[in-house]
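A.B. asks: just coords:
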Ligand SMILES: NC(=O)C1=CN([C@@H]2O[C@H](COP(=O)(O)OP(=O)(O)OC[C@H]3O[C@@H](n4cnc5c(N)ncnc54)[C@H](OP(=O)(O)O)[C@@H]3O)[C@@H](O)[C@H]2O)C=CC1
Ligand SMILES: O=C(CO)COP(=O)(O)O
């Protein structure tokens, strides 16, 4: 497979950033549903609503015509929020050529089915190679040219090496992995822990507290991820610990921001109404809790976050729960 043209679907922060990075290696067409976004990218080389400080490469071409973008692509990259992923993929179906790989950038689960996005790809586009690109990759930093590392996970060990070259460029270093389930779940599950970290930071908790949330959070997302078929070492790597650190500590994280706003006593409706961008942790939390129940895995931090998201507890009350006084053995949940 010689990759020459890539279609990136989704003109938000991450889709635009990855599309811009890949223009160094291949021809990239970015599909966005919003005609104003497309016009802005093509004429002014900016996408200020999502990436306020960035100038995009002139080589980056945007379109509202999904058929034109997908029909000429050797690889399709999905940067669509999880709850809209399947509907966009159904449109892709009419236009995609046989055997074209489909790579998900999305860090969420489908609510009704609790499926990972690569499972949705497998279901909607059977026969197409699929994979996930994930890791500690805050879009604005990568757009600004800071060094970062990511992971591309696929079952196919030949295609994954070719795509490693397509995505990776300069200071954006891409590693390969064959644990698709573990890598994908690392990206999904860390979002809820980032909300917890934001709830702590928003209440003035200390650095030790944040470190405890990250470490205990990693333990619980690893428990669920391994129960669902991921490998423990994946959760200690970029897709697990790496992304957890970035998201739980960064002022750029939307999920951590949600936690901080909850800590101010605001409710989810208000918070979401003010955010243009997606916070996948809040969206996927019900599916994560249902999976934890299904697999018999205790997730005390995620459960506390979920209660606050649902409005069943306040952040200050739940936060006392996050720092339980009666600790057991470190190897145990809680
Ligand atoms: N931002 C980041 O740093 C990173 C994000 N991710 C993940 O990438 C995924 C995408 O996130 P991101 O780009 O940040 O999200 P944003 O909120 O920045 O942008 C979302 C994009 O999706 C589009 N969109 C929403 N609904 C639909 C729909 N029904 N059909 C077509 N397009 C739609 C929006 O279009 P419109 O503008 O018209 O509403 C917008 O272009 C998420 O799962 C996120 O977790 C992963 C790594 C890093
Ligand atoms: O996944 C991300 C960084 O790797 C982005 O996190 P947020 O969605 O919380 O901004």
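C.D. replies: Good, I have the coordinates. Small disclaimer: the values here were computed from a predicted structure and weren't measured. Numbers count the residues shown, from 1 in each chain. Ligands and ions are numbered 1, 2, ... in the order given.
A.B. asks: next, the closest residue to residue 29 other than its chain neighbours: secondary structure please.
C.D. replies: Using CB to CB, 6 or more residues apart in numbering and skipping residues adjacent in sequence, the residue nearest residue 29 is residue 69, 4.4 Å away. The C-beta positions use only the backbone N, C-alpha and C, and glycine is treated the same way. Classification of residue 69 by DSSP: H, G, I helix; E, B strand; the rest coil places it in helix.
A.B. asks: what's near enough to touch residue 69?
C.D. replies: 7, 9, 29-31, 63 (CB atoms under 8 Å, 6 or more residues apart in numbering).
A.B. asks: then residue 98?
C.D. replies: Taking CB under 8 Å, 6+ apart, one finds residue 127 in contact with residue 98.
A.B. asks: phi, psi of it?
C.D. replies: The phi/psi pair for residue 98 (degrees, to the nearest 10) reads phi -60, psi 140.
A.B. asks: gap between it and ligand 2?
C.D. replies: From residue 98 across to ligand 2, the span is 31 Å (CB to the nearest ligand atom, to the nearest Å).
A.B. asks: buried residues in stretch 99-113?
C.D. replies: Within stretch 99-113, the residues that count as buried by 16 or more other CB atoms under 10 Å are 100-110.
A.B. asks: could I get these as a markdown table with secondary structure?
C.D. replies: Output for the buried residues of stretch 99-113, formatted as a markdown table (three-state DSSP):
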| residue | secondary structure |
| --- | --- |
| 100 | coil |
| 101 | coil |
| 102 | strand |
| 103 | strand |
| 104 | strand |
| 105 | coil |
| 106 | coil |
| 107 | coil |
| 108 | coil |
| 109 | coil |
| 110 | coil |
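A.B. asks: need phi/psi at whichever residue of the stretch 1-150 of the chain sits closest to ligand 1.
C.D. replies: The nearest approach of the stretch 1-150 of the chain to ligand 1 comes at residue 12, 1.7 Å away (CB to the nearest ligand atom). Here is the backbone geometry of residue 12 (degrees, to the nearest 10): phi -90, psi -160.
A.B. asks: repeat for residue 130
C.D. replies: Dihedral angles for residue 130 - degrees, to the nearest 10 - are phi -140, psi 160.
A.B. asks: state the next helix or strand along the chain beyond the longest helix along the chain.
C.D. replies: Secondary structure assigned by DSSP state H gives helix 180-202 as the longest helix of the chain. Once the chain leaves helix 180-202, the next helix or strand it forms, by DSSP states H and E, is helix 207-227.
A.B. asks: for the very next helix or strand once past that next one, buried residues please.
C.D. replies: For helix 207-227, the succeeding helix or strand toward the C-terminus, using DSSP H and E, is helix 232-235. Going by neighbour count (16+ other CB under 10 Å), the buried part of helix 232-235 is 234-235.
A.B. asks: what mean pLDDT does helix 232-235 get?
C.D. replies: Confidence for helix 232-235, expressed as mean pLDDT, is 98.
A.B. asks: likewise for stretch 85-98?
C.D. replies: 97.
A.B. asks: dump the contacts of residue 69 to a markdown table, plus pLDDT and distance to residue 124.
C.D. replies: As requested, those are exported to a markdown table (pLDDT from 0 to 100; distance: CB to CB, whole Å):
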| residue | pLDDT | distance to residue 124 |
| --- | --- | --- |
| 7 | 98 | 16 |
| 9 | 98 | 13 |
| 29 | 98 | 21 |
| 30 | 98 | 21 |
| 31 | 98 | 17 |
| 63 | 98 | 22 |
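A.B. asks: pull the most distant pair out of the residues you listed.
C.D. replies: Greatest spatial distance among these (CB to CB): 9 and 63, at 10.4 Å.
A.B. asks: mutual contacts of the two, please.
C.D. replies: With CB under 8 Å, 6+ apart as the test, residue 9 and residue 63 both reach 31, 69.
A.B. asks: out of the two, which sits in the busier spot?
C.D. replies: For residue 9 versus residue 63, neighbours defined as other CB atoms under 10 Å are more numerous around residue 9 (27 against 18).
A.B. asks: give me the neighbour count for the nearest residue to the more buried one once chain neighbours are set aside.
C.D. replies: Excluding the flanking residues, the one nearest residue 9 by CB to CB, 6+ apart is residue 31, at 4.7 Å. Residue 31 is flanked by 29 other residues according to other CB under 10 Å.
A.B. asks: distance of residue 31 relative to residue 161?
C.D. replies: Taking CB to CB, to the nearest Å as the measure, residue 31 falls 26 Å from residue 161.
A.B. asks: can you check residue 27 too?
C.D. replies: Counting by CB to CB, the gap from residue 27 to residue 161 is 20 Å.
A.B. asks: can you tell me which of the buried residues of stretch 99-113 is closest to residue 273?
C.D. replies: Among the buried residues of stretch 99-113, and counting by CB to CB, the member closest to residue 273 is residue 108, at 19.4 Å.
A.B. asks: now do the phi/psi pair for that closest one.
C.D. replies: Per degrees, to the nearest 10, the backbone of residue 108 is at phi -160, psi 170.
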